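Participant: Below are the sequence and a predicted model; questions follow.
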Amino acid sequence: MVRFISIRVLTYVILVFLATSFAYLLAASLMHPEEVLYPPIATKPVPEGTAQAYLNARNINPDVPVFQRYANWLGGLVRGDLGVTTGTNKELSPVLEVLKQRIPISLRLVVLGTVIGTVLGVAVGMITAVRRHSLGDRGATLLSFVIVSLPTPVVILVVQQINQAIQNRTGFGLPAINPVNPLLHGWDAFLYESKAIVMPTIVLAIFAAASYSRYMKVTTLDVLGSDYLRTARAKGLTRGRAMNRHGLRMALIPMGQYFAFAVGSAFTGSLFVELMFNWQGVGRYAVSAVGIADINGTAGVVLYTGILTLLSATFADFLQGILDPRIR
């Protein structure tokens with residue numbers, strides 16, 4: 001088991017490194033931060049020496065070859081330095097410090113939404129497969145297709161409108177935006193943040209549950225048609241009991257790898273969630289970094305996403321090794 005996990009982790013680390021390196025090279029080749037910082041239409045031209053010093057300090061000088069800038073960035077990465085932001089301000093803000101501030105905000109959404117959505121999706125998928133062609137099965141299948149086909153902003157607006165309608169009728173509602181209220185402190189601030197996280201988590205959990213339920217239903221139907229489950233039913237067990245005792249473990253095995261890739265989708269969905277709920281997380285920072293041609297920030301976000309996928313993939317492999325000894 002240790003050897004199996006070690007080989008997997010080593011493979012994932014190499015993939016994360018390649019993905020991050022490719023992202024940096026692509027961003028450094030296609031983005032032009034100098035045009036954002038010093039646009040050609042500026043009324044007061046910046047002295048050439050000042051512009052060159054600014055670009056060199058951030059390792060984004062277009063006059064320097066891309067691979068030389070990549071070597072400089074890679075040397076910093078080995079030392080735990082992701083470079084500095086290349087925004088329109090003149091501060092040398094380390095990308096790593098910015099990510100340290102924003103990662104906990106995003107992880108609260110991604111982890112909570114993924115866990116809740118996974119549990120609901122697995123449960124709904126298994127129940128609908130066991131009760132195939134029932135009214136509940138058809139309703140859940142239709143609802144999952146509708147949710148998956150809808151854009152994330154539409155679902156967010158629906159959730160916000162439902163919250164507003166409840167608030168108008170009962171006087172009780174959840175905060176629609178801003179997870180942090182600077183006017184509150186201590187216990188009141190904690191209660192406010194606990195309420196503010198509810199709606200963004202609901203949105204992510206809805207999409208996760210809809211996706212997982214469809215996949216879980218397919219894997220459960222495959223298990224229901226297996227020989228060992230038919231033997232269990234021939235011995236007198238009902239379909240539900242046979243599934244719980246013998247089939248659930250086998251049905252969960254393919255969900256492991258799906259879980260690893262679904263975490264990346266959860267991060268993509270959190271981009272819209274953070275923007276529309278005004279959460280200052282990594283997703284919002286990613287959109288801002290691309291908008292201002294922040295090369296170092298863009299590479300840092302890709303590295304964060306890669307590490308998140310690495311951890312989820314490792315956890316999925318660990319679960320697969322427990323559920324199915326054959327793959328160890």
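Facilitator: Done, it's in.
Participant: Do a quick rundown of the helices in the stretch 51-200 of the chain.
Facilitator: 66-78, 95-130, 135-149, 152-170, 187-196, 198-224 (DSSP state H, counting those that start in this stretch).
Participant: Kindly compare burial across those and name the winner.
Facilitator: Neighbour counts (mean count of other Cβ atoms under 10 Å) averaged over each of the helices of the stretch 51-200 of the chain peak at helix 198-224, with a mean of 22. (Glycine included, C-beta is placed from N, CA and C.)
Participant: Of all the helices of the stretch 51-200 of the chain, which one is nearest Y304?
Facilitator: helix 95-130 (6.0 Å; Cβ to Cβ).
Participant: quick revisit: mind checking which of the helices of the stretch 51-200 of the chain is nearest L311?
Facilitator: helix 95-130 (10.5 Å).
Participant: next one: that closest one to chain centre, how far?
Facilitator: Relative to its chain's centre, helix 95-130 lies at 8 Å (Cα atoms, centre = their mean, to the nearest Å).
Participant: now it: mean pLDDT?
Facilitator: The average pLDDT for helix 95-130 rounds to 86.
Participant: shouldn't T201 be in contact with V115?
Facilitator: No - between T201 and V115 there is no contact under Cβ atoms under 8 Å: 9.6 Å.
Participant: Near the nearest residue to I166 once chain neighbours are set aside, how many residues? Count them for me, please.
Facilitator: Nearest residue to I166, sequence neighbours excluded (Cβ to Cβ, 6 or more residues apart in numbering): G173, at 5.9 Å. Residues lying near G173 (other Cβ atoms under 10 Å) number 17.
Participant: got it, and the one 3 residues further on?
Facilitator: By other Cβ under 10 Å, the residues close to A176 number 15.
Participant: Just give the nearest non-adjacent residue to it, would you?
Facilitator: Q160 (5.6 Å).
Participant: low pLDDT regions in the stretch 1-150 of the chain?
Facilitator: 1, 36-46, 87-91 (pLDDT under 70).
Participant: swap the cut-off to 90 and go again
Facilitator: Low-confidence segments of the stretch 1-150 of the chain (pLDDT under 90): 1-16, 27-66, 75-115, 117-119, 121-141, 143-150.
Participant: For the residue nearest to A176, list the residues it contacts.
Facilitator: A176, M199, M276 (Cβ atoms under 8 Å, 6 or more residues apart in numbering).
Participant: quick one: the first one from F259, how far?
Facilitator: Taking Cβ to Cβ, to the nearest Å as the measure, A176 falls 30 Å from F259.
Participant: List the residues that contact T118.
Facilitator: Taking Cβ under 8 Å, 6+ apart as the test, what T118 contacts is A208, A209, Y212, F259, A262.
Participant: Same question for P254.
Facilitator: Y215, T219.
Participant: The one 4 residues further on too?
Facilitator: With Cβ under 8 Å, 6+ apart as the criterion, the residues that contact Y258 are Y212, Y215.
Participant: and the residue nearest the centre of the chain, what element?
Facilitator: With distances taken as Cα atoms, centre = their mean, F267 lies nearest the centre of the chain, 1.7 Å away. Here F267 sits within helix 255-276, counting by DSSP states H and E.
Participant: any idea of the angle the helix or strand that comes right after that helix forms with helix 95-130?
Facilitator: Sequence order places helix 282-291 as the next helix or strand after helix 255-276, per DSSP H and E. Helix 282-291 and helix 95-130 are oriented at 120 degrees to each other (axes from the mean of the first three to the mean of the last three Cα atoms, to 10 degrees).
Participant: in helix 282-291, what counts as buried?
Facilitator: Residues V282, G283, R284, Y285, A286, S288, A289 are the ones in helix 282-291 that count as buried (16 or more other Cβ atoms under 10 Å).
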